[in-house]
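1. coordinates only, sequence not included:
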Ligand code: HEM
């Protein structure tokens, strides 16, 4: 009990070398594929995990303060502390770290993620009206299924075939653009290219101020595209429904988050277009963090692959329902890995008092 112990200098140094540096090399806002490959070959995750296990044994199963490149960090090594942080409110374990602001401000300076106070409440209302958290299925669910099927059909045709990651990724990006900004945005890849370039700038956490001009140019390209499609989707949405409540009619094929945004509650401070980069990013990231690894896991586990593979005799709706089952467990906000820059910080006076936990 009492305050968590502090790691020695050597232990802190080892943690930085084995975990923090490789994590920054891999990319904290957007992954750098070459670095991900290199770190995988060097097996840095294994080394970091072995080191943390040793640290846990040495400190009696308690969480430990380590000095890292970003200052003093509490490394959660006790099961009870992990549960407390994951289930605690973000008032207690604040998610608003300096690193997060630096990492995400190039690509989404006006987003809910980086907002505080009144603006945050306002943007929360707006985001909730569009994203409908807790509503299952989302009002655009049939449209999502149709768009994804259309884009996959465009890649594979109707017959099973080999998966090419580059083409699959491109199809996923087109689906993301259509579902976020409407069908007219399908080939507006400049928007996603600019967003991803801004995320790559974010990887440097503001350490390259001489690139600010480039950041402004890229943001102009991205926002000009987003605003144009948002205005068009708003117009369509109003024309379709008279009030704009269906997001541009999911039934007739025009539904999008931009269409829903047209009827979401907004004030002068909401900045609807400023919320869109996060939606685009979140949907795009699903491709690399959920669909890609799910397909890779299925490829390596024949028994699960067989269960997920649609049979010729299987009705299409049942066939499609297998793959979502593989990915559903990943889609919970707080239990998935994310960038170290966005790890929660305990608010003053709320540091976990760790209790020894059984070491498995
Ligand atoms: C596998 C899927 C997803 C996971 C694991 C996930 C995870 C997360 C996490 C961990 C956060 C908190 C980040 C932080 O504050 O540091 C977050 C925030 C957020 N996510 Fe997701 N997300 C997913 C999908 C999506 C999708 C598809 C959208 C929208 C299209 C979305 C929209 C948002 C928004 C608007 C926030 C900001 C919330 C706030 O600041 O209160 N997410 N998400």
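-> That came through fine. Every value quoted in this text rests on a predicted model; they were computed, and no experiment measured them. Numbering: from 1, shown residues only.
2. Okay, now the unreliable bits of the chain?
-> Low-confidence segments of the chain (pLDDT under 70): 1, 236-254, 310-360.
3. hmm, 50 instead?
-> For the chain, the stretches flagged by pLDDT under 50 are 242-245, 251-253, 316-322, 328-343, 347-360.
4. Show me where it has its strands.
-> Applying DSSP state E to the chain gives strands spanning 64-68, 71-75, 93-94, 345-346.
5. list the contacts for the residue positioned nearest the centre of the chain?
-> In the chain, the residue lying closest to the centroid (Cα atoms, centre = their mean) is residue 282, at 4.4 Å. Under the criterion of Cβ atoms under 8 Å, 6 or more residues apart in numbering, residue 282 has no contact partners. All C-beta spots, glycine's among them, are computed from the backbone N, C-alpha and C.
6. Break the chain into its domains for me.
-> The chain resolves into domains spanning 9-95, 112-340 when parsed by automatic domain parsing.
7. want to throw those into CSV with distance to residue 104?
-> Formatted as CSV, the domains of the chain follow (distance: least, Cβ to Cβ, whole Å):
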stretch, distance to residue 104
domain 9-95, 7
domain 112-340, 6
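8. Quick check: the nearest residue to residue 15 once chain neighbours are set aside vs the ligand, distance?
-> Nearest residue to residue 15, sequence neighbours excluded (Cβ to Cβ, 6 or more residues apart in numbering): residue 66, at 4.8 Å. Using Cβ to the nearest ligand atom, to the nearest Å, residue 66 is found at 20 Å from the ligand.
9. Residue 66 contacts residue 73, correct?
-> Yes - between residue 66 and residue 73 there is a contact at 5.7 Å, judged by Cβ atoms under 8 Å.
10. what residues are up against residue 124?
-> Here residue 124 is in contact with residue 112 (criterion: Cβ under 8 Å, 6+ apart).
11. how about a cut-off of 10 Å?
-> 112, 115 (Cβ atoms under 10 Å, 6 or more residues apart in numbering).
12. Over to residue 205?
-> Residues in contact with residue 205 (Cβ under 10 Å, 6+ apart) are 24, 28-29, 70, 98-103, 105-106, 341.
13. just the residues you listed now: which is nearest the ligand?
-> residue 100 (5.8 Å; Cβ to the nearest ligand atom).
14. Hmm, residue 70 and that closest one touching each other?
-> No - contact criterion Cβ atoms under 10 Å: residue 100 and residue 70 do not qualify, at 11.1 Å.
15. Between the two, tell me which one has more neighbours.
-> Neighbours were tallied for residue 100 and for residue 70 using other Cβ atoms under 10 Å; the higher tally belongs to residue 100 (23 against 16).
16. Residues of the stretch 51-200 of the chain that sit close to the ligand?
-> Applying Cβ under 6 Å from any ligand atom, one finds that the stretch 51-200 of the chain approaches the ligand through 95, 100, 112, 113, 127, 131.
17. Of these, which pair is most distant in space?
-> The distance between the two most remote of those (Cβ to Cβ) is 19.6 Å, for 100 and 131.
18. Let me have the contacts of residue 205 in TSV, adding distance to residue 2 as columns.
-> Converted to TSV, those look like this (distance: Cβ to Cβ, whole Å):
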residue	distance to residue 2
24	32
28	32
29	36
70	25
98	28
99	29
100	30
101	32
102	34
103	34
105	38
106	41
341	29
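19. hmm, back to that, of the domains of the chain, which is nearest residue 3?
-> Per Cβ to Cβ, nearest to residue 3 of the domains of the chain: domain 9-95, 8.5 Å.
20. Span of that closest one from start to end?
-> End-to-end span of domain 9-95 (Cα to Cα, to the nearest Å): 27 Å.
21. Residue numbering should commence at 31 henceforth.
-> All right, first residue 31 from here; so that's domain 39-125.
22. Is there contact, residue-wise, from the top helix by length along the chain to the ligand?
-> Criterion DSSP state H: the longest helix present in the chain is helix 242-271. No - counting by Cβ under 6 Å from any ligand atom, the ligand has no neighbours in helix 242-271; the shortest distance is 13.7 Å.
23. Which strands and helices lie in contact with that helix?
-> The helices and strands touching helix 242-271, judged by 3 or more Cβ pairs under 10 Å, 6 or more residues apart in numbering; DSSP states H and E, are helix 195-211, helix 219-232, helix 287-291, helix 302-316.
24. Pick out the residue of the stretch 31-180 of the chain closest to the ligand.
-> Of all residues in the stretch 31-180 of the chain, residue 125 sits closest to the ligand, at 3.7 Å by Cβ to the nearest ligand atom.
25. With residue 243 as the reference, measure out to that residue.
-> From residue 125 across to residue 243, the span is 30 Å (Cβ to Cβ, to the nearest Å).
26. who has more neighbours, these two?
-> Between residue 125 and residue 243, counted using other Cβ under 10 Å, the more crowded position is residue 125 (13 against 8).
27. Next one: the more buried one from residue 100, what distance?
-> 15 Å.
28. OK, contacts around the residue nearest to residue 45?
-> Contacts of residue 96 by Cβ under 10 Å, 6+ apart are 36-39, 41-46, 49-50, 82, 85, 102-105.
29. For stretch 187-206, give me every contacting residue.
-> Counting by Cβ under 10 Å, 6+ apart, 174, 176-186, 213, 215-219, 221-223, 226, 309-318, 321-322, 325-326, 329, 339-340, 342 sit against stretch 187-206.
30. so what's the backbone phi/psi at the residue of the stretch 31-180 of the chain closest to the ligand?
-> phi -90, psi 0 (degrees, to the nearest 10).
31. ok, it touching residue 145?
-> No - between residue 125 and residue 145 there is no contact under Cβ under 10 Å: 12.0 Å.
32. excluding its backbone neighbours, what's nearest residue 318?
-> Nearest to residue 318 is residue 61, by Cβ to Cβ, 6+ apart, at 6.9 Å.
33. Great, nothing more from me.
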